[in-house]
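**Q** got a predicted model here, sequence first, then my questions.
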Amino acid sequence: MSTPPAKRAPRPHRRPKKDPARTVAFRALRAVDERDAYANLILPSLLREAEQKGMDRRDAALATELVYGTLRQQGSYDAIIAACIDRPLREVDPPVLDVLSLGAHQLLATRIPTHAAVSATVELARAVLGDGRAKFVNAVLRRISAQDLDAWLAQVAPPYEDDAEDHLSVVHSHPRWVVAALWDALGRWQPGSAGREAIEQLLAADNERPAVTLVARPGRISTEQLAAELPEAGPGRWSPYALALAEGGDPSGLAAVREGAAGVQDEGSQLVALALANAPVDGADRLWLDGCAGPGGKAALLAALAAERGAALVASERQPHRARLVAKALAGNPGPYTVIAADGTRPAWRPGTFDRVLVDVPCSGLGALRRRPEARWRRRPEDVAGFGPLQRDLLRSALDAVRVGGVVGYATCSPHLAETRAVVDDVLRERAEELEWVDARPLLPDLPGLGDGPDVQLWPHLHGTDAMYLALLRRVR
Ligand SMILES: C[S@@+](CC[C@H](N)C(=O)[O-])C[C@H]1O[C@@H](n2cnc3c(N)ncnc32)[C@H](O)[C@@H]1O
């Protein structure tokens, strides 16, 4: 009697290994791509969700690195991936491209060993894209792993001498039009020293992880008191109210932050508020206005500085939900303040009401690419022109709102010349007899490379801040 052949046990259905870091990173990239989500909002919410299911801190840190790193270097990775496939990049499905970019980042910019980066990313591809596309991902990642990032960039970027902007665009992962705009602005502010080295430093700084800085709001907590609560933090570079957190530091659990005595704020923003507060005004100094206040970072510092002088702040913001954020940021301020939801171009106050006015206008955000890495890919050149009329109207309204002898600060977090000096020059031309420049440079700490003034442009590579712009104008008539 022959024994029947042993039945092979059915193969278990293959379940992808749990990899919460790469899964969260993929979901974040998809949300940024598909729904125009902001990485700095969607990622924390996905991380919270994953942490509730047991994701540990190391995986959370890896997910964060993967999302921000991939978004920053997307331009370089696109060029490298394009060189590894035999069809145009635009024909690759976006989810496949996201997985490939995540893999490219691990292979070219992290210490994850090659075999681990490839196998974990292929595993992710299998789970989220299916077996067929996972094979394609595997093949492309193996090609990418053949050389390091520098070798790839040397291969895929056109020579600098042939086309400097194209070269910089690929090597430093910025759209070409952004490279051109930043270079123009550098040339205006750093005449004579805005050559290749300067633009490369600026583009490289845009791709760095910014330090997290805190502001100790005067009258609520001193910088020393805040430092005592954060022994691992160091002093800021420029602002007397700033503390720089050690890398990876998370201030959200700090009582001073929860209570609003301190907040997370780039030093550039702190300097804008400080310069406006320190600008000389003739006569009384009782009532200040922040005309574009949401979400309230500068308003909170201005309100604290106003309180120290016995002045009050009116914080105005068009969007009601952002006005609510301003109210939250100002809660607990030691001096008087009012928050209103109003269109700054149709002011609810009589002309000449305020002693100091800040308009930190809506802009392209090209000065804050370190924080919002996806913005460079989302913005279009025509967006810049689109902001122009509103920026001019908000500046005109601010100039109406300030009294004779008072000062207006016009600020942007973009160094694009069309959003900075061009706006101020246009409005100055209309109202030449009413206005005079206030030199902003002496109102700031001794920062290098501020140019000839009277307005100032801060830079990530020179000052470690966002690229904030500030012009100060006094009403003389
Ligand atoms: C660059 S943000 C201001 C950031 C703020 N100063 C801070 O430091 O937190 C510009 C703000 O202007 C607001 N805004 C846009 N149009 C406005 C208008 N017509 N009147 C008043 N605010 C407006 C936007 O909603 C946005 O909150």
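**A** Nice, thanks for sending it over.
**Q** any idea which helix or strand comes after the longest helix anywhere in the chain?
**A** Longest helix in the chain, counting residues (DSSP state H): helix 381-401. Toward the C-terminal end, the helix or strand that comes next after helix 381-401 (DSSP states H and E) is strand 402-412.
**Q** which residues touch the most centrally placed residue in the chain?
**A** Geometric centre of the chain, nearest residue: R371, 2.9 Å, by C-alpha atoms, centre = their mean. By C-beta atoms under 8 Å, 6 or more residues apart in numbering, the residues touching R371 are N40, P210, D266, D466. (Each C-beta comes from the backbone N, C-alpha and C, glycine too.)
**Q** just give me the neighbour total for the nearest residue to the third one once chain neighbours are set aside.
**A** If the residues on either side of it in the chain are set aside, D266 comes closest to D466, at 4.8 Å by C-beta to C-beta, 6 or more residues apart in numbering. Applying other C-beta atoms under 10 Å, we find 24 other residues in the vicinity of D466.
**Q** hang on, the earlier thing: the longest helix of the chain vs strand 402-412, what angle?
**A** Helix 381-401 and strand 402-412 are oriented at 160 degrees to each other (axes from the mean of the first three to the mean of the last three C-alpha atoms, to 10 degrees).
**Q** buried sites along helix 381-401?
**A** By neighbour count on 16 or more other C-beta atoms under 10 Å, the buried set for helix 381-401 is 381, 384, 387, 390-401.
**Q** do stretch 23-36 as well
**A** For stretch 23-36, burial by neighbour count (16+ other C-beta under 10 Å) applies to T23, V24, A25, F26, R27, A28, L29, R30, A31, V32, D33.
**Q** now find how far off-centre stretch 451-460 is within its chain.
**A** 19 Å (C-alpha atoms, centre = their mean, to the nearest Å).
**Q** and that stretch, what's buried?
**A** Neighbour-count burial for stretch 451-460 flags D455, V456, Q457, L458, W459, P460 (criterion: 16+ other C-beta under 10 Å).
**Q** hang on, L214 in a strand?
**A** Yes - assessed by DSSP: H, G, I helix; E, B strand; the rest coil, L214 belongs to a strand.
**Q** can you pull the contacts of R142?
**A** Counted by C-beta under 8 Å, 6+ apart, R142 has contacts V118.
**Q** try it again with 10 Å
**A** C84, G103, L107, T114, V118, V122 (C-beta atoms under 10 Å, 6 or more residues apart in numbering).
**Q** just the buried residues of those.
**A** Listed as buried from these are C84, G103, L107, V118, V122; burial here means 16+ other C-beta under 10 Å.
**Q** where does the stretch 201-350 of the chain dip in pLDDT?
**A** Across the stretch 201-350 of the chain, the ranges flagged by pLDDT under 70 are 248.
**Q** out of the buried ones among the contacts of R142, the closest to the ligand would be?
**A** Nearest to the ligand, judged by C-beta to the nearest ligand atom, of the buried ones among the contacts of R142 is G103 at 35.5 Å.
**Q** how confident was the prediction at that closest one?
**A** pLDDT, G103: 98.
**Q** just to be sure, it is in a strand?
**A** No - per three-state DSSP, G103 lies outside any strand segment and is helix.
**Q** so what's it closest to, chain neighbours aside?
**A** Leaving aside its sequence neighbours, G103 sits nearest to T121 (C-beta to C-beta, 6+ apart; 3.8 Å).
**Q** same question for T114.
**A** Counting by C-beta to C-beta, 6+ apart, T114 lies nearest to S145, which is 5.0 Å off, once chain neighbours are set aside.
**Q** so who does the one you found touch?
**A** S145 is in contact with G103, A104, Q106, L107, L108, T114, H115, A117, V118, counting by C-beta under 10 Å, 6+ apart.
**Q** thinking again about what came up before, C-alpha coordinates for the longest helix of the chain, CSV please?
**A** The C-alpha trace of helix 381-401 is given here as CSV (Å, rounded to 0.1, in the frame of the first residue of the first chain):
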residue,chain,number,x,y,z
PRO,A,381,5.5,82.0,-9.7
GLU,A,382,2.1,83.5,-10.4
ASP,A,383,1.2,83.1,-6.6
VAL,A,384,3.7,85.8,-5.9
ALA,A,385,2.1,88.3,-8.3
GLY,A,386,-1.3,87.2,-6.8
PHE,A,387,-0.3,88.4,-3.3
GLY,A,388,0.8,91.8,-4.6
PRO,A,389,-2.5,93.8,-4.6
LEU,A,390,-3.5,92.6,-1.1
GLN,A,391,0.0,93.3,0.3
ARG,A,392,-0.2,96.9,-1.1
ASP,A,393,-3.7,97.4,0.3
LEU,A,394,-2.8,96.1,3.7
LEU,A,395,0.2,98.4,3.8
ARG,A,396,-1.9,101.4,2.7
SER,A,397,-4.5,100.6,5.4
ALA,A,398,-1.7,100.3,8.0
LEU,A,399,-0.4,103.7,7.0
ASP,A,400,-4.0,105.1,7.4
ALA,A,401,-4.3,103.6,10.8
